[in-house]
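[1] give me the fold of what follows.
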Amino acid sequence: NLTSNSALVIHRRIHTGERPYQCPDCGKSFMANKSLNKHRKSHVEGALFVCPDCGKKLTSKSALVIHRRIHTGERPYQCPDCGKS
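    Next up is the predicted model:
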């Protein structure tokens, strides 16, 4: 839901491709600082959850659930502005 200006700013980065937050450990870039902070934990704590489809290592069960949607094609959310899901 785009219920705040900051949520809209982050959402618009999907359309612009802007990824201003970069991991100093591996160089991966993110649209939101929150995503970078979550990613950085993978360098410190190690990955606890492994995708059974591709072997990717993730730091939380919720991250694994979201990641697995790449393999299943599930897209449960839709942008109210552009309709992209």
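
[2] now do the helices in this protein.
    In the chain, helices defined by DSSP state H lie at 5-16, 33-45, 61-72, listed in chain order.

[3] got the domain ranges for the protein?
    According to automatic domain parsing, the chain is divided into the following domains: 1-45, 46-76.

[4] pretty sure L2 is touching C82, no?
    No - with contact taken as C-beta atoms under 8 Å, L2 and C82 are classed as non-touching, separated by 11.4 Å. For glycine as for every other residue, the C-beta is placed from the backbone atoms N, C-alpha and C.

[5] pick out the residue nearest the middle of the protein.
    The residue lying closest to the centre of the chain (C-alpha atoms, centre = their mean) is S35, at 6.1 Å.

[6] ok, and the closest non-adjacent residue to that one?
    Taking C-beta to C-beta, 6 or more residues apart in numbering, and ignoring the residues beside it in sequence, S35 has Y21 as its nearest neighbour in space, at 7.1 Å.

[7] okay, now the unreliable bits of this protein?
    Judged against pLDDT under 70, the low-scoring parts of the chain cover residues 1, 45-47.

[8] if we go to 50?
    Within the chain, no range satisfies pLDDT under 50.

[9] picking up where we left off before, okay, L2 and C82: which has more neighbours?
    Neighbour count, other C-beta atoms under 10 Å: between L2 and C82, L2 has more, with 14 against 10.

[10] list the contacts of that one.
    Contacts for L2 were tallied using C-beta atoms under 8 Å, 6 or more residues apart in numbering; they are L8, H11, P80, D81.

[11] make TSV out of those and add distance to D53 and neighbour count.
    Written out in TSV, the entries for the contacts of L2 read as follows (distance: C-beta to C-beta, whole Å; neighbours: other C-beta atoms under 10 Å):
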residue	distance to D53	neighbour count
L8	33	11
H11	28	17
P80	30	8
D81	31	11
